[in-house]
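Trainee: Here is a sequence together with a model predicted from it:
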Amino acid sequence: MTGQRKSIKIFGCVELFTARFFYHRDTVFNAGSYLVFLEQIARHYYPQPVILIQDNASYHKDKEVWSWFSENRKWLEVYNLPPYTPEFNATERLWHYTRITGTHNRYFVTEQELVGTLMCVFHKIQHCPEEIIGYLRPFI
(Lines give C-alpha, C1' and ligand atoms only; values in the text may rest on other atoms or scores of the structure.)
Protein backbone atom coordinates (compact mmCIF):
# COMPACT_ATOMS: atom_id res chain seq x y z
CA MET A 1 0.00 0.00 0.00
CA THR A 2 1.33 3.43 -0.93
CA GLY A 3 3.62 4.93 1.69
CA GLN A 4 2.63 2.41 4.33
CA ARG A 5 3.90 -0.84 5.72
CA LYS A 6 0.87 -2.69 6.99
CA SER A 7 0.61 -6.22 8.24
CA ILE A 8 -2.37 -8.45 8.69
CA LYS A 9 -2.30 -10.63 11.83
CA ILE A 10 -3.40 -14.18 11.07
CA PHE A 11 -2.96 -17.30 13.18
CA GLY A 12 -2.98 -20.53 11.22
CA CYS A 13 -2.59 -24.26 11.60
CA VAL A 14 -2.93 -27.22 9.30
CA GLU A 15 -3.85 -30.83 9.86
CA LEU A 16 -1.11 -32.72 8.04
CA PHE A 17 -2.95 -35.81 6.82
CA THR A 18 -6.07 -34.10 5.46
CA ALA A 19 -4.68 -30.61 4.72
CA ARG A 20 -7.52 -29.13 6.78
CA PHE A 21 -6.62 -25.49 7.40
CA PHE A 22 -7.74 -23.27 10.27
CA TYR A 23 -7.04 -19.59 10.58
CA HIS A 24 -8.03 -16.66 12.73
CA ARG A 25 -7.52 -13.00 11.92
CA ASP A 26 -6.93 -10.58 14.78
CA THR A 27 -5.51 -7.13 15.37
CA VAL A 28 -2.58 -8.27 17.49
CA PHE A 29 -0.52 -11.36 18.27
CA ASN A 30 -0.67 -11.95 22.03
CA ALA A 31 -1.72 -14.59 24.54
CA GLY A 32 -5.35 -13.47 24.54
CA SER A 33 -5.74 -13.61 20.77
CA TYR A 34 -3.89 -16.95 20.65
CA LEU A 35 -6.31 -18.37 23.21
CA VAL A 36 -9.22 -17.31 20.98
CA PHE A 37 -7.57 -19.27 18.15
CA LEU A 38 -7.01 -22.31 20.39
CA GLU A 39 -10.68 -22.26 21.38
CA GLN A 40 -11.57 -22.30 17.67
CA ILE A 41 -9.43 -25.42 17.23
CA ALA A 42 -11.01 -26.99 20.32
CA ARG A 43 -14.54 -26.45 18.94
CA HIS A 44 -13.61 -28.47 15.85
CA TYR A 45 -11.65 -31.30 17.45
CA TYR A 46 -12.62 -31.85 21.08
CA PRO A 47 -12.64 -34.65 22.28
CA GLN A 48 -10.57 -36.14 19.42
CA PRO A 49 -6.87 -36.35 20.24
CA VAL A 50 -4.72 -33.57 18.77
CA ILE A 51 -0.98 -33.02 18.64
CA LEU A 52 -0.19 -29.32 18.31
CA ILE A 53 3.30 -28.36 17.19
CA GLN A 54 4.01 -24.66 17.57
CA ASP A 55 6.92 -22.33 17.02
CA ASN A 56 8.55 -20.21 19.70
CA ALA A 57 6.48 -17.04 19.54
CA SER A 58 6.52 -15.33 22.91
CA TYR A 59 2.75 -15.65 23.39
CA HIS A 60 3.04 -19.44 22.95
CA LYS A 61 5.02 -19.52 26.19
CA ASP A 62 2.60 -17.35 28.17
CA LYS A 63 1.48 -18.63 31.58
CA GLU A 64 -2.21 -18.27 30.66
CA VAL A 65 -1.70 -20.23 27.44
CA TRP A 66 0.08 -23.07 29.26
CA SER A 67 -2.65 -23.10 31.87
CA TRP A 68 -5.17 -23.60 29.02
CA PHE A 69 -2.99 -26.42 27.63
CA SER A 70 -2.97 -28.07 31.08
CA GLU A 71 -6.76 -27.87 31.30
CA ASN A 72 -7.06 -29.55 27.90
CA ARG A 73 -4.33 -32.17 28.15
CA LYS A 74 -6.83 -35.06 27.97
CA TRP A 75 -7.20 -34.46 24.23
CA LEU A 76 -4.30 -32.14 23.37
CA GLU A 77 -0.53 -32.67 23.35
CA VAL A 78 1.66 -29.62 22.72
CA TYR A 79 5.24 -29.51 21.46
CA ASN A 80 7.43 -26.53 20.71
CA LEU A 81 9.73 -26.49 17.72
CA PRO A 82 13.39 -25.67 18.33
CA PRO A 83 14.16 -21.95 18.00
CA TYR A 84 14.71 -20.56 14.49
CA THR A 85 13.49 -23.62 12.59
CA PRO A 86 10.75 -22.44 10.22
CA GLU A 87 11.66 -25.32 7.91
CA PHE A 88 10.07 -27.67 10.48
CA ASN A 89 6.82 -25.68 10.62
CA ALA A 90 4.21 -27.00 8.16
CA THR A 91 2.15 -23.81 8.38
CA GLU A 92 5.09 -21.84 6.98
CA ARG A 93 4.53 -23.79 3.75
CA LEU A 94 0.97 -22.46 3.63
CA TRP A 95 2.15 -18.91 4.11
CA HIS A 96 4.54 -19.51 1.20
CA TYR A 97 1.65 -20.84 -0.92
CA THR A 98 -0.38 -17.76 0.06
CA ARG A 99 2.39 -15.42 -1.06
CA ILE A 100 2.87 -17.25 -4.37
CA THR A 101 -0.81 -17.52 -5.28
CA GLY A 102 -2.16 -14.33 -3.71
CA THR A 103 0.20 -11.57 -2.77
CA HIS A 104 3.56 -11.93 -4.58
CA ASN A 105 4.38 -8.97 -6.86
CA ARG A 106 0.95 -7.39 -6.30
CA TYR A 107 0.11 -3.89 -5.27
CA PHE A 108 -2.86 -3.47 -2.93
CA VAL A 109 -4.46 -0.04 -2.93
CA THR A 110 -6.25 -0.65 0.36
CA GLU A 111 -5.96 -2.95 3.34
CA GLN A 112 -9.41 -4.31 2.49
CA GLU A 113 -8.14 -5.39 -0.94
CA LEU A 114 -5.26 -7.28 0.69
CA VAL A 115 -7.60 -8.90 3.22
CA GLY A 116 -10.00 -9.88 0.43
CA THR A 117 -7.18 -11.55 -1.50
CA LEU A 118 -6.02 -13.43 1.61
CA MET A 119 -9.55 -14.62 2.37
CA CYS A 120 -9.89 -15.89 -1.23
CA VAL A 121 -6.64 -17.86 -0.93
CA PHE A 122 -7.65 -19.27 2.47
CA HIS A 123 -11.10 -20.19 1.17
CA LYS A 124 -9.48 -22.07 -1.70
CA ILE A 125 -7.16 -23.90 0.73
CA GLN A 126 -10.12 -24.88 2.90
CA HIS A 127 -12.32 -26.06 0.06
CA CYS A 128 -9.66 -27.57 -2.21
CA PRO A 129 -7.10 -29.16 0.14
CA GLU A 130 -5.59 -31.02 -2.82
CA GLU A 131 -4.07 -27.64 -3.78
CA ILE A 132 -1.72 -27.76 -0.78
CA ILE A 133 -1.26 -31.44 0.04
CA GLY A 134 2.01 -31.49 -1.92
CA TYR A 135 3.39 -28.74 0.30
CA LEU A 136 2.74 -30.94 3.34
CA ARG A 137 4.21 -34.24 2.10
CA PRO A 138 7.66 -33.63 3.65
CA PHE A 139 5.98 -33.59 7.09
CA ILE A 140 3.99 -36.79 6.70
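Mentor: Yep, it's here.

Trainee: Just say helix, strand or coil for residue 51.
Mentor: strand (DSSP: H, G, I helix; E, B strand; the rest coil).

Trainee: Excluding covalently adjacent residues, which one is nearest to it?
Mentor: residue 77 (4.8 Å; C-beta to C-beta, 6 or more residues apart in numbering). To be clear about C-beta, it is placed using only N, CA and C from the backbone, and glycine gets the same treatment.

Trainee: Can you list phi and psi of that neighbour for me?
Mentor: Per-residue torsions, residue 77: phi -110, psi 140 (degrees, to the nearest 10).

Trainee: thought it was touching residue 70?
Mentor: No: counting by C-beta atoms under 8 Å, residue 77 stays clear of residue 70, with 11.8 Å between them.

Trainee: Name the residues that touch stretch 80-95?
Mentor: Stretch 80-95 is contacted from outside by 12-14, 16, 21, 53-56, 60-61, 125, 132, 135-136, 139, using C-beta atoms under 8 Å, 6 or more residues apart in numbering.

Trainee: Can you list which of these are found in helices?
Mentor: Among the contacts of stretch 80-95, the ones falling in helices (DSSP state H) are 125, 135, 136.

Trainee: Present those residues as a markdown table; the columns should include distance to residue 115, pLDDT and neighbour count.
Mentor: Listed next are these as a markdown table, based on distance: C-beta to C-beta, whole Å; pLDDT from 0 to 100; neighbours: other C-beta atoms under 10 Å:
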| residue | distance to residue 115 | pLDDT | neighbour count |
| --- | --- | --- | --- |
| 125 | 15 | 96 | 22 |
| 135 | 23 | 93 | 17 |
| 136 | 25 | 94 | 19 |
